[in-house]
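> heads up, no residue letters with this:
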């Protein structure tokens with residue numbers, strides 16, 4: 001599936017090398033022996049977790065507790081920017097992705113070289129509040145073609161994440177390999193003379209319990 005989406009926001013040249021991820025499709029097996037000696041074996045796929053989002057609606061998150069939990073069971077504020085929102089907003093940076101999240105404002109990015117946000121009045125560049133899959137980000141820019149959604153946990157979170165300002169944290173969740181083959185190619189153009197191209201392909205590896213995901217992005 002290919003699509004062309006015009007964009008009229010300023011774009012800066014950047015490139016992301018294609019990434020390849022592999023994940024095992026783990027199965028859980030349980031056996032029970034009946035009184036007649038017949039053995040019944042039940043096999044379940046461990047990758048049947050509930051989707052984190054449904055369109056614009058967030059359903060679950062692991063950012064607040066480090067375990068997948070329904071949003072209604074979490075006693076903290078977690079704002080989720082789903083993949084559908086990112087696609088519809090044509091977000092190309094973390095700032096654009098968080099544009100509609102309240103109490104989160106971009107601060108000094110040191111000339112556009114890194115992500116930096118103030119959350120509920122707290123924050124600065126290099127404050128360790130931006131995570132990728134729950135781990136502190138080492139890259140200056142966290143948002144790229146591998147991003148699936150962005151979750152913002154508001155309020156204190158030092159118990160789980162170490163030294164942090166009490167304003168909260170931003171967690172960038174990346175795409176994972178899927179067992180069903182599908183892919184997409186997209187492109188954008190800019191009125192300032194730039195543009196981007198993106199590739200996303202995922203599917204199972206034949207004859208194995210592994211899956212792959214190939215994502216790539218080029219901008220200029």
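Now that the structure is in, tell me what you want to look at. Just so it is clear, the structure is predicted and the values come from calculations on it, not from any experiment.
> Could you use CA atoms for every contact and neighbour count after this?
Fine.
> now the spatially most central residue of the chain: how far from residue 147?
Here the mean C-alpha position of the chain is nearest to the C-alpha of residue 173 (C-alpha atoms, centre = their mean), at a distance of 2.3 Å. As defined by C-alpha to C-alpha, to the nearest Å, residue 173 lies at a distance of 6 Å from residue 147.
> One more: residue 111?
The span separating residue 111 from residue 147 equals 23 Å under the rule C-alpha to C-alpha.
> Which residue of those two possesses the greater neighbour count?
Each of residue 111 and residue 147 had its neighbours counted (other C-alpha atoms under 10 Å), and the higher figure belongs to residue 147 (18 against 6).
> Provide the partner residues of residue 168 in its beta bridges.
In this structure, residue 168 has beta-bridge partners residue 154, where bridges are defined by DSSP bridges.
> top helix in the protein by residue count?
helix 83-89 (DSSP state H).
> Make sure residue 159 is indeed in a helix.
Yes - following the definition DSSP: H, G, I helix; E, B strand; the rest coil, residue 159 is counted among the residues of a helix.
> Show the pLDDT at it.
The predicted local distance difference test score for residue 159 is 91.
> what's around it, how many residues?
Neighbour number of residue 159 under other C-alpha under 10 Å is 8.
> Could you do residue 139 as well?
Neighbours of residue 139 under the rule other C-alpha under 10 Å: 11.
> how long is stretch 200-212 end to end?
Using C-alpha to C-alpha, the span of stretch 200-212 from its first residue to its last is 11 Å.
> Buried residues, that stretch. List them.
Counting neighbours by 16 or more other C-alpha atoms under 10 Å, one finds that the buried residues in stretch 200-212 are 200, 201, 202, 203, 204, 210, 211, 212.
> I figured residue 85 hits residue 54, correct?
No - taking C-alpha atoms under 8 Å as the definition, residue 85 is not a contact partner of residue 54, at 10.6 Å.
> out of these two, which sits in the more crowded spot?
The neighbour count for residue 85 versus residue 54, taken as other C-alpha under 10 Å, is higher for residue 85 (16 against 12).
> Let me see the contact set for that one.
Taking C-alpha atoms under 8 Å, 6 or more residues apart in numbering, we find residue 85 in contact with 55, 56.
> Tell me which two of the buried residues of stretch 200-212 sit farthest apart.
Across the buried residues of stretch 200-212, no pair lies farther apart than 200 and 210, at 17.4 Å, counting by C-alpha to C-alpha.
> any low-confidence regions in this structure?
For the chain, the stretches with pLDDT under 70 are 1-35, 42-50.
> which one in it is furthest away from the centre?
Distance from the C-alpha centroid of the chain peaks at residue 36, with 49.9 Å (C-alpha atoms, centre = their mean).
> Would you check how far apart that one and residue 189 are?
Distance from residue 36 to residue 189, by C-alpha to C-alpha: 69 Å.
> Residue 166 now?
In this structure, residue 166 lies at 39 Å from residue 189, with C-alpha to C-alpha as the measure.
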